[in-house]
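> I'll drop the sequence and a predicted model, then ask my questions.
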Amino acid sequence: MGVKTLTLEPSEISRFLVRQRKGWGIDALDLRLDRFLGEILEKANEFVPSESGSLLLDDPRAKGRDDAINTLTFIACFGPHAPRLLGRQIPLSDGIAGRVYSEARPYISHDVAEDVNFNDSMDRYTGYKTTSVIAVPVTVRSSIFGVLELLNRREHTHYSRGDLLLLETFAGYISSSIQNALDTIRAREAARRDDLTRLYNDRYLHYRLAEEIPRAERDALDLSLLFLDLDHFKAVNDRYGHLVGSRTLKEVGYLVQSWNPPGGIPARYGGDEFVVILPGYSAEEAMEAARRLRRLVEETSYMVVPAKEVASAGDEEETFQPLDIPITCSMGVASLNEHVAPQGTLLRRQNALIRLADRAMYEAKGRGRNLVLMATAEMHDPGR
């Protein structure tokens with residue numbers, strides 16, 4: 001019997017794939033994972049005919065921190081109660097699904113009325129009557145992700161061991177689909193990251209700027225950009241060599257990432273230059289954020305110089321001591337609304353925003369360095 005499976009939208013499913021690396025940015029998911037998951041759930045039902053079924057995934061943001069606050073969310077489901085279940089969350093401690101997830105072991109309940117592990121809260125919420133359950137864990141590379149479950153076996157009185165083996169096969173298909181999506185996301189993310197600092201690279205910066213400017217103009221919001229350049233960085237390379245210079249840039253990249261305001265898009269622009277897009281930030285708000293970053297860069301002790309002393313004979317572990325060249329930065333701030341003339345193409349406005357912030361940064365260097373300056377607005381020239 002054919003069934004119609006409901007799934008969350010791809011953009012909603014994508015947040016369940018943000019795992020292992022903080023700061024993953026996932027754009028609109030074009031992998032159609034929603035379709036794949038729905039089709040797999042429908043195929044599972046063909047081989048193990050059931051009145052209803054669901055796929056539940058955990059919340060990666062809470063995973064590993066505190067199971068008491070983690071939940072399972074109904075990502076895909078079919079059956080008479082599917083519209084009310086889709087997107088609903090249950091705690092990991094809730095019922096049979098929670099047990100399967102917590103123990104990473106399959107489970108069959110032939111009669112839930114006699115099963116102490118069954119929780120009827122979803123039945124009471126949807127008005128559905130569950131009589132039997134079969135559920136298996138969904139794992140990806142030995143890490144538990146969620147639970148696949150079917151309710152109320154058709155054609156036979158009870159779920160069987162053979163049904164369990166079939167359901168585990170379909171859970172494996174789901175695992176493969178999720179793994180493929182994760183691999184694609186990792187590859188996509190690696191292509192947009194700077195190898196040294198792990199901030200975004202300049203190519204992705206221009207891509208995002210071309211997205212954020214029209215969005216700001218459409219929604220009548222501002223957008224600001226910070227252009228940062230390290231002061232006297234050449235002295236670090238000249239005195240200690242490029243390896244220490246690279247370590248310093250890596251630490252600065254970490255500082256930028258730890259400082260990054262909500263919604264900020266930080267990138268290494270090249271060499272010792274960094275650029276941050278701040279969607280929704282006015283010029284003054286961006287100036288305040290830039291001043292905080294300037295202080296953070298100045299006040300940090302950079303443990304990047306290999307120590308000369310060896311702790312004990314045969315000890316090959318590398319240790320580091322602080323850099324004795326002060327690291328400061330000069331920054332320029334430009335705002336789309338306050339500094340960029342509105343006429344011309346998107347590319348012109350995009351380049352103008354970067355150019356104005358860059359020019360203000362160089363003026364900050366000319367005034368003594370370790371300074372944040374606001375850009376000067378473009379002249380409004382309709383003929384440009």
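Cool, the structure landed.
> check contacts around the residue lying closest to L85 once chain neighbours are set aside.
Leaving aside its sequence neighbours, L85 sits nearest to F74 (CB to CB, 6 or more residues apart in numbering; 4.6 Å). Glycine gets a C-beta too; all of them are placed from N, C-alpha and C. With contacts taken as CB atoms under 8 Å, 6 or more residues apart in numbering, F74 has the following neighbours: S54, L55, L56, L85, L86, G87, R88, Q89.
> surely P261 touches L278?
Yes: with contact taken as CB atoms under 8 Å, P261 and L278 are classed as touching, separated by 6.5 Å.
> and T157, that one's in a helix?
No: according to DSSP: H, G, I helix; E, B strand; the rest coil, T157 belongs to no helix; its state is coil.
> which ones are touching it?
Residues near T157 by CB under 8 Å, 6+ apart: none.
> what helices and strands are in contact with the top strand by length along the chain?
Ranked by number of residues, the top strand in the chain under DSSP state E is strand 143-153. Counting contacts by 3 or more CB pairs under 8 Å, 6 or more residues apart in numbering; DSSP states H and E, strand 143-153 is packed against helix 33-47, strand 50-58, strand 71-78, helix 95-103, strand 133-140, helix 161-191.
> dump those to CSV, plus distance to F227 and mean pLDDT.
Written out in CSV, the entries for these read as follows (distance: least, CB to CB, whole Å; pLDDT from 0 to 100):
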stretch, distance to F227, mean pLDDT
helix 33-47, 38, 89
strand 50-58, 40, 94
strand 71-78, 41, 93
helix 95-103, 47, 94
strand 133-140, 40, 95
helix 161-191, 24, 87
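> between the ones you listed, which one is nearest to H110?
Using CB to CB as the criterion, the shortest distance between H110 and the helices and strands packed on strand 143-153 is 8.8 Å, found for strand 133-140.
> the closest one pairs with which strands?
Under the criterion DSSP bridges, strand 133-140 sits next to strand 107-109 (antiparallel), strand 143-153 (antiparallel) in its sheet.
> show me which positions of that strand end up buried.
Taking 16 or more other CB atoms under 10 Å as the neighbour-count basis, strand 133-140 is seen to contain the buried residues V133, I134, A135, V136, P137, V138, T139, V140.
> what's the separation between the last one and A171?
Put plainly, it is V140. According to CB to CB, to the nearest Å, V140 stands 11 Å off from A171.
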